[in-house]
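[1] Got a predicted structure here, sequence first:
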Amino acid sequence: MSPPYAALRTSAPLRIEAIELRLLRLDLVEPFETSFGRVRSRLIVLVKMEAEGLEGWGEIVAGEEPLYSYETVGTAMHVVRDYFAPAVLEAPLSGLSDFAERLAPFRGHPMARAGLELAYVDLIARARGESIASLLGGVQVRVQAGVSLGIQAEVSGLLERIEKFVRLGYRRIKLKIKPGWDVAVVREVRRHHPDILLSVDANAAYTLADRPHLKQLDAFALLMIEQPLEHDDLLDHAELRRGLTTPICLDESIGSARAARQALDRGCCDIVNLKVGRVGGYSQALAIHDLCRSRGVPVWCGGMLESGIGRAHNIALASLPGFTLPGDISASRRYFARDIIAPEVEVGADGTVEVPRGVGLGFEIDRDYVAAKTETVERFTLRGKTVSVS
Ligand code: SMG
Ligand code: MG
């Protein structure tokens, strides 16, 4: 039997007529602090692809600085402008296999690659008159919401925020941790909330030498500890895992389906945080999903503080059957005073988000707001490039 997303692997040839890269800055409703630094606003890179009178939209999730990963807004603009866009524009594309082959000569830059691929998938979905979720073979009509809470100046501030999101119905609370903001903080949170689904994310802030320290987290019935060790490490995670009872989840270390297979084969993790932006797009994300599902490894949908466009793609992906744990999928208003999609993403009182059924992304793009926030647009066609700066 062909997989549900066979229509994505091979689809009717589409000649991409233009690709636009648009930069816009959105302020976060509050700063977000992780073990590697603090973010106050997001410089969003939107990708628009045009073909046959249709538009597809994607987002590149890279940060402004190489902290979460080596990719940045600057490196992504460079590789798309100089390599990926010319390759995509060169000849009609007939599905994700063709797309992957077209970009295969180039190494790395999965976030830049994903931004283009997301726009292409939105385009295919619109050309077929289907939602992205249905094109992917999504089965869940609502997906489970969770919230990721940054490091705070005081534990009291963290407790207030947990209180608020638990009251709003969010199904899982994730705490960012780092040396100096870990065991004691988790102990205090557990004292106030003995029963919530609670996880922690270290963003690679520890080493194997910290094992005795991390072992103390075993006392708090955490759902998982996410990415405790180096961003590109697999094997030390396997070693750490043998000494802990808290399940280990990998995020940064899973950059591809191959990395996922190696991680599962070698016992490096119990759970996978799947981000379509981090792994280079839907082809890789679907392969990782299928692999984890076949091995009984739970998967959940991560987030990169995306605008509504990136988040709409995350929601579509999270509708697949292997996404059994709540994701870093929160309401638009948790991130921005105003989002760039309509309607905005809402979390229901039961802690779930509806998977839109409309064509493509399933959300309208708030074009006035996008235009008001746009800083630059670069447009690429077969004939060349035009740049406009507002
Ligand atoms: O989009 O809700 C979100 C953010 C979730 O914590 C989150 N993301 O390592 O998982 C992670 C971080 C990466 C982004 S830090 C800028
Ligand atoms: Mg993470």
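    Cool, got the structure. Residues are numbered from 1 along each chain as shown. Ligands and ions are numbered 1, 2, ... in the order given.

[2] part of a helix, is residue 310?
    Yes. Assessed with DSSP: H, G, I helix; E, B strand; the rest coil, residue 310 lies in a helix.

[3] Pull the contacting residues for it.
    Shown in contact with residue 310 (C-beta atoms under 8 Å, 6 or more residues apart in numbering): 44, 58, 59, 61, 118, 277, 304. Where C-beta positions appear, they are placed from N, C-alpha and C, glycine not excepted.

[4] Surely the first one and residue 24 touch.
    Yes. Here residue 44 reaches residue 24: they are 5.1 Å apart, a contact under C-beta atoms under 8 Å.

[5] Neighbour count: these two, which is higher?
    residue 44 (26 against 21; other C-beta atoms under 10 Å).

[6] what does the stretch 101-250 of the chain put close to ligand 2?
    Listed as neighbours of ligand 2 in the stretch 101-250 of the chain under the rule C-beta under 5 Å from the ion: 201, 226.

[7] Let's see that with 6 Å instead.
    Within the stretch 101-250 of the chain, the positions adjacent to ligand 2 are 201, 203, 226, 227 by C-beta under 6 Å from the ion.

[8] And the furthest pair within the residues you listed?
    Maximum pairwise distance among those (C-beta to C-beta): 8.0 Å, between 203 and 226.

[9] With neighbour numbers in mind, choose between these two.
    Neighbours were tallied for residue 203 and for residue 226 using other C-beta under 10 Å; the higher tally belongs to residue 226 (28 against 20).

[10] and the more buried one, what are its bridge partners?
    Taking DSSP bridges as the rule, residue 226 bridges to residue 201, residue 249.

[11] hang on, it packs against residue 246?
    No. Under the contact definition of C-beta under 8 Å, residue 226 does not touch residue 246, with a separation of 10.4 Å.

[12] on that earlier part again, spit out the residues that contact residue 203 and residue 226 alike.
    Shared contacts of residue 203 and residue 226, defined by C-beta under 8 Å, 6+ apart, comprise residue 251.

[13] How confident was the prediction at residue 4?
    Note on residue 4: pLDDT of 63.

[14] returning to what we had before: which neighbours do residue 44 and residue 24 share?
    307, 340.

[15] Let me know the pLDDT of residue 245.
    Residue 245 is given a pLDDT of 98.

[16] Can you name the residues that contact it?
    So residue 245 contacts residue 218 (C-beta under 8 Å, 6+ apart).

[17] Would you mind listing the buried residues in the host helix or strand of residue 188?
    Using DSSP states H and E, residue 188 sits within helix 183-192. By 16 or more other C-beta atoms under 10 Å, the buried positions in helix 183-192 come out as 183, 185, 186, 189, 190.

[18] next one: that helix to chain centre, how far?
    28 Å (C-alpha atoms, centre = their mean, to the nearest Å).

[19] My guess is residue 200 contacts residue 227. True?
    No. Applying C-beta under 8 Å, one finds residue 200 not in contact with residue 227, separated by 9.9 Å.

[20] count of neighbours near residue 224?
    Counted by other C-beta under 10 Å, the residues lying close to residue 224 total 24.
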